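Engineer: sequence? don't have it. structure:
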């Protein structure tokens, strides 16, 4: 059984392994948020509803670290436990593979003596939010007479050179290649001979003002621009070489672009790295700031913090990255590192042994 909270950045990273597991002959069921069930079923997976929406979980909260951490470690976890409990009784899975931020899943599994394997969604980060999240999770576990231990195995899709050092040293990792996956959407459009820049701020943090600022900065360059607006209703008129779409088939687009300008979400960051493309990161919240820092430290791109973000700064940084030989070389090296990681198909073939060893350690 796979399980993830109702967010693109937490559900989609698990889909390649779920598909590979089904293709390997394993019985697979994916417990996910209601909005994701049609997409998962269209991918050929058995999918059942579990958990509540992010909008419902975060309704009325003050966006400070303690509140955000409490939502992740408690508010989202409780309904996930409630919904997984009958599913575990119905399907009797040999293991639960869960997004590492889906904290209700390992507690539900532990209550049923089922091994749980974590699955990262990107680079692990430690900040005030994650510490508050772990406090809330520990309290919830104690309330239920359970242990808030981390999974005995964690399937890690972050390339080791960019992963948090403490995580690499302390956690029993199973390396897994990140494979970009997305539902169908607009395909790549470009003018022959012109660079193509892809702009997205993801599905959770996109706002019209930030998108507009980035569009205005990119529009000054002699490039084609493909913009994915996500849930943003509109950003106003744009010039002909800027194409605006509500949804883009990102996994299909990334190999064909010359630069990605984005918010620093883990899925977009890893997908861009896997495609070997440089990136300009405009972090807005959550893990996006540490992701942006990691990209810069790896030499694969640049970042503009909120206080630095102007259309002029976007123009300058995007122009520089398009011709930055070192950034392109660093991005290609990271793509090679990612390509060398075990594929979802290979890891799926090892799942019985991984599950058996996780059960022994549990």
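Structural biologist: Received, thanks. Just so it is clear, the structure is predicted and the values come from calculations on it, not from any experiment.

Engineer: does residue 304 really touch residue 280, like I thought?
Structural biologist: Yes - using CB atoms under 8 Å, residue 304 is in contact with residue 280, at 7.0 Å. Bear in mind the C-beta positions are built from the backbone N, C-alpha and C, glycine included.

Engineer: who has more neighbours out of these two?
Structural biologist: residue 280 (27 against 22; other CB atoms under 10 Å).

Engineer: ok, what's across the strand from the more buried one?
Structural biologist: The partner list for residue 280 in beta bridges (DSSP bridges) reads residue 261, residue 302.

Engineer: residue 123 versus that one, what's the distance?
Structural biologist: 18 Å (CB to CB, to the nearest Å).

Engineer: secondary structure class of residue 355, three-state.
Structural biologist: With DSSP: H, G, I helix; E, B strand; the rest coil as the basis, residue 355 sits in helix.

Engineer: enumerate every residue touching the closest residue to residue 355 other than its chain neighbours.
Structural biologist: Leaving aside its chain neighbours, residue 355 sits nearest to residue 95 (4.2 Å; criterion: CB to CB, 6 or more residues apart in numbering). With contact set as CB atoms under 8 Å, 6 or more residues apart in numbering, residue 95 has these partners: 1, 109, 114, 115, 116, 117, 351, 355, 358, 359.

Engineer: still on that earlier bit, which neighbours do residue 304 and residue 280 share?
Structural biologist: Joint contacts of residue 304 and residue 280 (CB under 8 Å, 6+ apart) are 314, 317.

Engineer: which residues of the stretch 101-250 of the chain fall in helices?
Structural biologist: All helices of the stretch 101-250 of the chain, identified by DSSP state H, counting those that start in this stretch, fall at 104-111, 128-143, 165-170, 208-219, 250-253.

Engineer: quick one on the thing from earlier: quick check, nearest of the contacts of residue 95 to residue 233?
Structural biologist: residue 1 (36.5 Å; CB to CB).

Engineer: close enough to count as contact, that closest one and residue 88?
Structural biologist: Yes - using CB under 8 Å, residue 1 is in contact with residue 88, at 7.2 Å.

Engineer: these two - which one has more neighbours?
Structural biologist: Shown here are residue 1 and residue 88; by other CB under 10 Å, residue 1 has more neighbours (27 against 20).

Engineer: domain map for this protein?
Structural biologist: For the chain, automatic domain parsing gives the domain ranges 2-178+342-361, 196-339.

Engineer: can you lay out those domains as a markdown table showing distance to residue 190?
Structural biologist: A markdown table is the format used below for the domains of the chain (distance: least, CB to CB, whole Å):
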| stretch | distance to residue 190 |
| --- | --- |
| domain 2-178+342-361 | 25 |
| domain 196-339 | 4 |
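
Engineer: closest to residue 189 out of the ones you listed?
Structural biologist: It is, among those and with distance given as CB to CB, domain 196-339, at 5.6 Å.

Engineer: quick one: mean pLDDT for the closest one?
Structural biologist: In this model, domain 196-339 has an average pLDDT of 92.

Engineer: what's the end-to-end length of it?
Structural biologist: 23 Å (CA to CA, to the nearest Å).

Engineer: and for stretch 227-234?
Structural biologist: OK, stretch 227-234 end separation, CA to CA: 11 Å.

Engineer: next: stretch 194-210.
Structural biologist: Terminal residues of stretch 194-210 are spaced 25 Å apart (CA to CA).

Engineer: re the thing from before, out of the contacts of residue 95, which one sits closest to residue 267?
Structural biologist: Closest to residue 267, out of all of those and judged by CB to CB, is residue 117, at 19.8 Å.

Engineer: state the pLDDT value of that closest one.
Structural biologist: 95.

Engineer: can you verify my assumption that it contacts residue 93?
Structural biologist: No - counting by CB under 8 Å, residue 117 does not reach residue 93; the two are 11.2 Å apart.

Engineer: for the residue found closest to residue 134 once you drop the neighbours it is linked to in the chain, what are its contacts?
Structural biologist: Nearest residue to residue 134, sequence neighbours excluded (CB to CB, 6+ apart): residue 73, at 6.6 Å. Neighbour list for residue 73: 103, 132, 133, 134, 135, 136, 137, 138, 139, 140 [criterion: CB under 8 Å, 6+ apart].

Engineer: quick check: of the residues you listed, which lies closest to residue 167?
Structural biologist: Out of these, the member with the shortest distance to residue 167 (by CB to CB) is residue 134, at 13.6 Å.

Engineer: low-confidence ranges, the stretch 51-200 of the chain, go.
Structural biologist: Applying pLDDT under 70 to the stretch 51-200 of the chain flags the ranges 150-152, 183-188.

Engineer: give me the residues contacting stretch 27-38.
Structural biologist: So stretch 27-38 is contacted by 1-7, 11, 14-15, 18, 21-22, 40, 45-53, 83-84, 87, 91, 93, 105 (CB under 8 Å, 6+ apart).

Engineer: drop anything exposed from those.
Structural biologist: 1-7, 11, 14-15, 18, 21-22, 40, 45, 47-48, 50-53, 83-84, 87, 93, 105 (16 or more other CB atoms under 10 Å).

Engineer: show me these that map onto strands.
Structural biologist: 2, 3, 47, 48 (DSSP state E).

Engineer: thought the first one was touching residue 97?
Structural biologist: Yes - with the criterion set as CB under 8 Å, residue 2 and residue 97 qualify as a contacting pair; they are 5.1 Å apart.

Engineer: what touches both of the two?
Structural biologist: Going by CB under 8 Å, 6+ apart, residues that sit against residue 2 and also against residue 97 are 14, 17, 18, 119.

Engineer: the first one contacts residue 2, doesn't it?
Structural biologist: Yes - in this structure, residue 14 is within contact of residue 2 by CB under 8 Å, at 5.2 Å.
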